[in-house]
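A.B. asks: Coordinates only, no sequence provided:
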């Protein structure tokens, strides 16, 4: 019991009621003020709202990164957008997806538990079609819809590459919280036989809307609570923004380091000329074409197709053609 009344306090309470200072109605009102919070043991909530908000931000980043990754791989317009983040049981997740679907099983050291990425058959076959050079639609112009009984070995081989890219995206999205070594442990197509978690285990389910060529579907990412146990203190907004800034700085440094090795194409234009078609057809070896640039004028050098320098032509000490940079062109200043 929270509190035991003494005999003196009981007497004072009875006297107050006899004198009309306290009524039975007022006591009942005080009792009704007690708020009882419902708890569903079938859908246990483990993470606070603040932590779920941080997970929401993480998978918004996942959607942005995956948009670029899939657009590059498929060479078509792709848009991913986070639809929801919710806490449910593993059993509820399994019963919410098709009985035959593509599931990537991830392991992210040093954290515990397996993470699952589910790509439904419609999206899976759309990916296969695009990866094989198709248009993602049937000859009648209708979108592909597949109610599959099984995936072929070739289909799984193609989809494995996409799933590995999503595993790397998962790692990048969490970089602001924790450095993960995320690996694709395998693929499965029968969720009912998966035994990665117990049926009542609480999970965080992130649902991401995928829009490819106007065809809208979803990717589900299921993460068990044990994944979060050792990093809950890092899921606060304060730590999230601090870690995100640090991660962005590391990413910028890494990008600069990678850019140092990027090769650029440089071209120098001697000049231009306009001739008639009849003159072009009558050309022979030894003919001379007069260009629109005088010998004393500097030449124009282009970097990746953009005008960047005014240069002077010459030769190197090894007998090769060379150019001397005279100044940055007006085009270079505009590009900067």
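C.D. replies: Perfect, thanks for sending it. The structure displayed is predicted, hence computed values, not measured ones. Numbering: from 1, shown residues only.

A.B. asks: And residue 152, how close does it get to residue 158?
C.D. replies: 10 Å (Cβ to Cβ, to the nearest Å). (C-beta placed from N, C-alpha, C; glycine too.)

A.B. asks: Those two - which one has more neighbours?
C.D. replies: Higher neighbour count among residue 152 and residue 158: residue 158, with 18 against 10, using other Cβ atoms under 10 Å.

A.B. asks: what about the helices in the stretch 101-250 of the chain?
C.D. replies: Ranges of helices within the stretch 101-250 of the chain are 121-131, 153-173, 237-259, based on DSSP state H, counting those that start in this stretch.

A.B. asks: what sits in contact with each of residue 152 and residue 158?
C.D. replies: Applying Cβ atoms under 8 Å, 6 or more residues apart in numbering, one finds that no residue jointly contacts residue 152 and residue 158.

A.B. asks: pLDDT score for the spatially closest residue to residue 186 that is not a sequence neighbour?
C.D. replies: Excluding its sequence neighbours, the residue lying closest to residue 186 (Cβ to Cβ, 6 or more residues apart in numbering) is residue 105, at 5.1 Å. pLDDT recorded at residue 105 is 96.

A.B. asks: Start at 478, not 1
C.D. replies: Got it, the first residue is 478 from now on, which makes the last one we talked about residue 582.

A.B. asks: distance of residue 582 from residue 782?
C.D. replies: Going from residue 582 to residue 782 by Cβ to Cβ gives 45 Å.

A.B. asks: and if you look at residue 490?
C.D. replies: From residue 490 over to residue 782 (counting by Cβ to Cβ), the distance is 91 Å.

A.B. asks: So for the two, which sits in the more crowded spot?
C.D. replies: Taking other Cβ under 10 Å, residue 490 and residue 782 do not tie; residue 490 has more neighbours (14 against 8).

A.B. asks: On the three-state scheme, that one is what?
C.D. replies: helix (DSSP: H, G, I helix; E, B strand; the rest coil).

A.B. asks: who's in contact with the residue nearest the centre of the chain?
C.D. replies: Centroid-nearest residue in the chain, with Cα atoms, centre = their mean: residue 539, separated by 2.2 Å. Contact analysis of residue 539 by Cβ under 8 Å, 6+ apart lists 559, 646, 647, 650, 683, 685, 698.

A.B. asks: Against residue 641, how distant is residue 551?
C.D. replies: Distance from residue 551 to residue 641, by Cβ to Cβ: 15 Å.

A.B. asks: I meant residue 577, not that one.
C.D. replies: In this view, residue 577 and residue 641 are 21 Å apart by Cβ to Cβ.

A.B. asks: and if you look at residue 804?
C.D. replies: 48 Å.

A.B. asks: Which one of the two is surrounded by more residues?
C.D. replies: The neighbour comparison of residue 804 against residue 641 (other Cβ under 10 Å) goes to residue 641, with 15 against 10.

A.B. asks: Which stretches in the stretch 678-813 of the chain count as strands?
C.D. replies: Listed in chain order, the strands found in the stretch 678-813 of the chain under DSSP state E, counting those that start in this stretch are 679-689, 692-701, 743-746, 776-780, 783-792, 798-805.

A.B. asks: picking up where we left off before, could I get the contacts of residue 539 as CSV with distance to residue 774 and neighbour count?
C.D. replies: Putting the contacts of residue 539 into CSV (distance: Cβ to Cβ, whole Å; neighbours: other Cβ atoms under 10 Å) gives the following:
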residue, distance to residue 774, neighbour count
559, 57, 19
646, 51, 23
647, 56, 24
650, 53, 22
683, 61, 22
685, 57, 22
698, 61, 23
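
A.B. asks: Which of the residues you listed sits closest to residue 769?
C.D. replies: Proximity of these to residue 769 (Cβ to Cβ) peaks at residue 646, which lies at 50.9 Å.

A.B. asks: quick one: pLDDT of that closest one?
C.D. replies: At residue 646, the model reports a pLDDT of 94.

A.B. asks: quick one: which of the contacts of residue 539 is nearest residue 789?
C.D. replies: Of the contacts of residue 539, the one sitting nearest to residue 789 (Cβ to Cβ) turns out to be residue 646, at 48.4 Å.

A.B. asks: What distance do you get for residue 765 to residue 752?
C.D. replies: For residue 765, the distance to residue 752 equals 12 Å [Cβ to Cβ].

A.B. asks: tell me, what's touching these two both at once?
C.D. replies: Counting by Cβ under 8 Å, 6+ apart, no residue touches both residue 765 and residue 752.

A.B. asks: which one of those two has more residues nearby?
C.D. replies: Taking neighbours as other Cβ under 10 Å, residue 765 and residue 752 compare with residue 752 leading, 11 against 4.

A.B. asks: wait, what's in contact with that one?
C.D. replies: Taking Cβ under 8 Å, 6+ apart, we find residue 752 in contact with residue 766.

A.B. asks: pLDDT at it, what is it?
C.D. replies: 89.

A.B. asks: Sticking with residue 556, tell me its helix or strand.
C.D. replies: strand 555-566 (DSSP states H and E).
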